[in-house]
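K.L.:
coordinates only, sequence not included:
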């Protein structure tokens, strides 16, 4: 009997330890599932650097753009190739004089000819130069795509991170309110507490639940964007390291003028429009070179059909630019060049305005982040726990408690939003300058 009691007690102790050990993990898994609609497969938590490496490896748009570069290089190779020579042959089919068919022997007739097209007026060089410029444009388009997609990745990463912090706080309050509402429901049913207090708690719960739904929708949207960027179906779990968080806290060492100069020197879209101007100028030269007629040179052999037996001739052919002097294509090229030059001027103005806007946004975000005093969040948490304890002890009124909870929730969400806005402002400057300033 003693042995049975000992075994039973041991089982109870082990079971209790197992339950207490796994209960937080189970709760965390349920919480993660309800917030992010995650599958049963565990999601590895990764830093921003981890996701940037995955992004460069997996992003489908970048992979597709690589093929565009390869195609542009192939066009450069193709432009450098000459047209193949043309070989033709002529054989007798019917010799009515001697009543023979296919008379191609020593007394018969056959002829051979070879011709080669030669471009004049620098046309071939212009074609090669245009293809090279287009290849440069393809590379610049890739760099600009990478710049924009990397910005979306970093913004989405920190949006998700700060939204999850806000969601965790709101969810915690909902859980505690749910416990209070359950207790108040029992006491109100017994007549120990007024129903108006229960209704006020339920109203507060619905307000927080609505806030949670809004934040969760933002998280779902961020998850969707990040999954597309990373070409994955798994949920994204974020946990930035200290260096990634501190990067946005370091001071900005440049003024607006310096940032504008750096942007004009480094942005691929600025170089892209300049390359487009060069391509338009080369295309205009190409269309003008088409006016110069190309020459076809060749040689032929005629056994008996010429003025002499076994005649060998040299041939020369040239088009006469009488009606078509490529006037239409030249006009198109001139108009296209003028259009791109206007766009080039507008691009410079746009870049300067983007830098000025991003700088102002950064300064405003910096002022907001500096308004958060040290240990503010820790103090909020301590006051929240004290208020909750005092409310449970009936030391504060229902009105005071609900007003505090609403203010506390708004403050926690706003602090997360301020930190998120600073990250976005810093990334706007990175995007606008095409540099990693932060």
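P.N.:
Thanks, I have it. On a predicted model such as this, the values are computed, not experimentally measured, just so you know.
K.L.:
use CA for all of it now, contacts and neighbours both
P.N.:
Will do.
K.L.:
Next, count neighbours for the residue lying closest to residue 89 once chain neighbours are set aside.
P.N.:
Spatial nearest neighbour of residue 89, chain neighbours left out: residue 112 (4.4 Å); criterion: Cα to Cα, 6 or more residues apart in numbering. Around residue 112 sit 15 other residues, with neighbours defined as other Cα atoms under 10 Å.
K.L.:
now the helices: where do they sit in this protein?
P.N.:
Here the chain has its helices, by DSSP state H, at 2-36, 48-58, 60-79, 123-189, 195-230, 242-246, 256-266, 268-289, 327-370, 376-392, 398-433.
K.L.:
Let me have the ones you listed in a markdown table, extended by distance to residue 117.
P.N.:
Putting the helices of the chain into a markdown table (distance: least, Cα to Cα, whole Å) gives the following:
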| stretch | distance to residue 117 |
| --- | --- |
| helix 2-36 | 66 |
| helix 48-58 | 46 |
| helix 60-79 | 15 |
| helix 123-189 | 12 |
| helix 195-230 | 49 |
| helix 242-246 | 62 |
| helix 256-266 | 44 |
| helix 268-289 | 15 |
| helix 327-370 | 22 |
| helix 376-392 | 79 |
| helix 398-433 | 49 |
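K.L.:
circling back: for the residue nearest to residue 89, give its distance to residue 84.
P.N.:
Note on residue 112: its distance to residue 84, by Cα to Cα, to the nearest Å, is 17 Å.
K.L.:
next one: residue 421
P.N.:
For residue 421, the distance to residue 84 - Cα to Cα - is 62 Å.
K.L.:
Kindly report the same for residue 222.
P.N.:
The gap separating residue 222 from residue 84 is 55 Å, by Cα to Cα.
K.L.:
Tell me which of those two has more neighbours.
P.N.:
Shown here are residue 222 and residue 84; by other Cα under 10 Å, residue 222 has more neighbours (22 against 9).
K.L.:
can you pull the pLDDT of the more buried one?
P.N.:
If you check residue 222, the pLDDT there is 94.
K.L.:
just residue 12 next, same as before
P.N.:
Here, the pLDDT recorded for residue 12 equals 31.
K.L.:
thinking again about what came up before, which residues does the residue nearest to residue 89 form a beta bridge with?
P.N.:
Beta bridges link residue 112 to residue 89, residue 301 when assigned by DSSP bridges.
K.L.:
List the residues that contact it.
P.N.:
87, 88, 89, 90, 300, 301, 302 (Cα atoms under 8 Å, 6 or more residues apart in numbering).
K.L.:
returning to what we had before: tell me which of the helices of the chain sits nearest to residue 314.
P.N.:
Between residue 314 and those, the shortest gap by Cα to Cα is with helix 123-189, which sits at 24.1 Å.
K.L.:
average pLDDT across that closest one?
P.N.:
93.
K.L.:
Also stretch 95-105?
P.N.:
Per-residue scores along stretch 95-105 average to 81.
K.L.:
same thing with stretch 351-368?
P.N.:
Rounded mean pLDDT across stretch 351-368 is 94.
K.L.:
buried stuff in it?
P.N.:
By neighbour count on 16 or more other Cα atoms under 10 Å, the buried set for stretch 351-368 is 351, 352, 354, 355, 356, 357, 358, 359, 361, 362, 365, 366.
K.L.:
mind giving me TSV with the residues you listed and columns for distance to residue 339?
P.N.:
Below are these laid out as TSV (distance: Cα to Cα, whole Å):
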residue	distance to residue 339
351	18
352	21
354	22
355	25
356	26
357	27
358	28
359	30
361	32
362	34
365	38
366	40
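K.L.:
which one among these gets closest to residue 74?
P.N.:
Checking the buried residues of stretch 351-368 against residue 74 with Cα to Cα, the nearest one is residue 351 at 32.6 Å.
K.L.:
Hmm, that closest one is touching residue 434, no?
P.N.:
No. Under the criterion of Cα atoms under 8 Å, residue 351 is not in contact with residue 434, lying 11.0 Å apart.
K.L.:
overlap in contacts of these two?
P.N.:
With contacts defined as Cα under 8 Å, 6+ apart, the residues shared by residue 351 and residue 434 are residue 263.
K.L.:
ok so, going back, and the buried ones among the contacts of residue 112, selectable in ChimeraX?
P.N.:
The command below creates a ChimeraX selection of those among the contacts of residue 112 that count as buried (16+ other Cα under 10 Å):
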select :300,301,302
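K.L.:
okay, among the contacts of residue 112, which ones form the most distant pair?
P.N.:
Spatial extent of the contacts of residue 112 (Cα to Cα) is set by the pair 87 and 302 at 13.8 Å.
K.L.:
From residue 320, how far off is residue 287?
P.N.:
To residue 320, residue 287 is 16 Å away according to Cα to Cα.
K.L.:
So those two - more neighbours on which side?
P.N.:
Shown here are residue 287 and residue 320; by other Cα under 10 Å, residue 287 has more neighbours (23 against 12).
K.L.:
neighbours of residue 219, just the number please.
P.N.:
Other residues near residue 219 come to 22 when the count uses other Cα under 10 Å.
K.L.:
if I pick it, what's in contact with it?
P.N.:
Listed by Cα under 8 Å, 6+ apart, the contact set of residue 219 reads 36, 159, 160, 163, 164.
K.L.:
which of the residues you listed sit farthest apart?
P.N.:
Within the contacts of residue 219, two members stand farthest from each other by Cα to Cα: 36 and 159, at 14.1 Å.
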